[in-house]
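Trainee: Give me a model of this one.
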Amino acid sequence: MNSSILLKFQFILLASLFTLSACSKPAPVFHETVFTMGTLVEVTIVGADAKIAEEAYSAILDDFNYMHNTWHPWKPNALKRINSLLQTGAPFPIAPSIMPLIKKSQILSEQSQGLFNPAIGQLIKLWGFHQDNLDEIIEPPEGEDIQAFLKNLPKMSDVKFKGISMFGTNENIQLDFGAFAKGAAVDATIEHLKEFGIKNAIINAGGDLRAIGNKNGQPWRIGIRNPRADGIFAAIEISGDESVFTSGDYERYFESDGKRYHHIIDPRTGYPANKSRSVTVIHSNAATADAASTALFIAGPEKWHAIAKVMGIKYVMLIASNGDVHMNPAMAKRIKFTIKQPTIKLSNPL
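Mentor: Numbering: from 1, shown residues only. Below you'll find the predicted structure:
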């Protein structure tokens, strides 16, 4: 297991620490961690019968495996077949396993003014970020290749539906739900837990999570990673039904000639976005939070507020490339810094 996975595991553990009430009997806790969908996924269930918790965990493992095998953009599966067919421009039968992802991502892409754009899979591949082992990437792509792609930039609106068929209108389109699939998977598995009657649980996928209920009457305490040092930058408490997702330039990157290139590509330029270090958002829906954190990261300090408002995001913390922290007032009330308080730029309410 490489160092980045170990570091993520530390944050997963931090995100689910239990501080049980001294005045009540602690509820039973089920806790398991598994590597799936390219990251460590931690499942914590509180207050459920042990047998039900085991059955629910087994069921959501099946969910994760199915979604990983179906949604992976580069392995032989349903999504790869759809990508091949979309590039031909010819109609083909709608794929039920992929259609919900496409439909929701089209809405989110439009709301984000195209900053969240799962149609740029070929650009992601051009940079080499489609592969698991980034050590194999030696240098960034040629500027001419990037510009050639941008001349016919695919968008989610290039996927069309007609009756029981779908087709593509851009030969460059290649769907890659890397900035969205994890959130969609977390949503699906949380809903599955609810079907088992589970009321208190948290699913943490590599530091991104959705929690329902509480931990024996206390809120879940979540750590937000410091993008420029080891340890926690800030903490936040959540309860009820909320998702916390963070996009950062520290997660997947390679270095070439002394410069670091991260995986969050700005569709407008074809290069990694350079105005943010990380963005954390809170939303009831994990898929929306996942997509929004990417879009707001790309938007940067000047544009994030307008995009967040359209996407319906009520809580945002953006750490800019210069270290300043941009937040809306509602988020500022919930964030507790664990380091020396940084320079805060407070926006208007969302």
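Trainee: mind checking the SS state of Lys309?
Mentor: Following DSSP: H, G, I helix; E, B strand; the rest coil, we place Lys309 in the helix state.
Trainee: and it, how far is that from Ile264?
Mentor: Between Lys309 and Ile264 the computed distance is 21 Å (Cβ to Cβ, to the nearest Å). The way it works is simple: take the backbone N, C-alpha and C, and place the C-beta from them, glycine included.
Trainee: For these two, indicate the residue with more neighbours.
Mentor: Ile264 (23 against 17; other Cβ atoms under 10 Å).
Trainee: residues touching that one, list them.
Mentor: Counting by Cβ atoms under 8 Å, 6 or more residues apart in numbering, Ile264 touches 179, 247, 249, 272-273, 294, 297-298.
Trainee: In strands only, show me these.
Mentor: The strands, defined by DSSP state E, take in Ser247 from these.
Trainee: Identify, from the contacts of Ile264, the entry nearest to Trp127.
Mentor: Top of the list for closeness to Trp127, among the contacts of Ile264 and by Cβ to Cβ, is Pro272 at 8.1 Å.
Trainee: re the thing from before, filter the contacts of Ile264 to the buried ones?
Mentor: The neighbour count (16 or more other Cβ atoms under 10 Å) marks 179, 247, 249, 272-273, 294, 297-298 as buried among the contacts of Ile264.
Trainee: For the residues you listed, point out the one with the lowest pLDDT.
Mentor: Lowest pLDDT within the buried ones among the contacts of Ile264 is found at Ala179 (90).
Trainee: Show me what secondary structure element comes after the helix or strand of the chain with the lowest mean pLDDT.
Mentor: The weakest-scoring helix or strand in the chain, judged by mean pLDDT, DSSP states H and E, is helix 3-15 (a mean of 48). Downstream of helix 3-15, the next assigned helix or strand under DSSP states H and E is strand 29-36.
Trainee: Run through the neighbouring helices and strands of that following strand.
Mentor: Packing partners of strand 29-36 (3 or more Cβ pairs under 8 Å, 6 or more residues apart in numbering; DSSP states H and E): helix 3-15, strand 39-46, helix 50-71.
Trainee: What's opposite the nearest residue to Ser293 once chain neighbours are set aside in the beta bridge?
Mentor: Spatial nearest neighbour of Ser293, chain neighbours left out: Ser247 (4.0 Å); criterion: Cβ to Cβ, 6 or more residues apart in numbering. Legend: beta-bridge partners of Ser247 under DSSP bridges are Val279.
Trainee: Ser247 and Val279 touch, don't they?
Mentor: Yes - if you go by Cβ atoms under 8 Å, Ser247 and Val279 touch, sitting 5.3 Å apart.
Trainee: what is in contact with the two at once?
Mentor: 293, 296-297.
Trainee: Now do the helices in the stretch 201-350 of the chain.
Mentor: 286-311, 329-334 (DSSP state H, counting those that start in this stretch).
Trainee: ok, the residue nearest the centre of the chain - contacts?
Mentor: The centroid of the chain falls nearest to Asp290 when counting by Cα atoms, centre = their mean (3.4 Å). By Cβ under 8 Å, 6+ apart, the residues touching Asp290 are 179-180, 182-184, 208, 243, 245.
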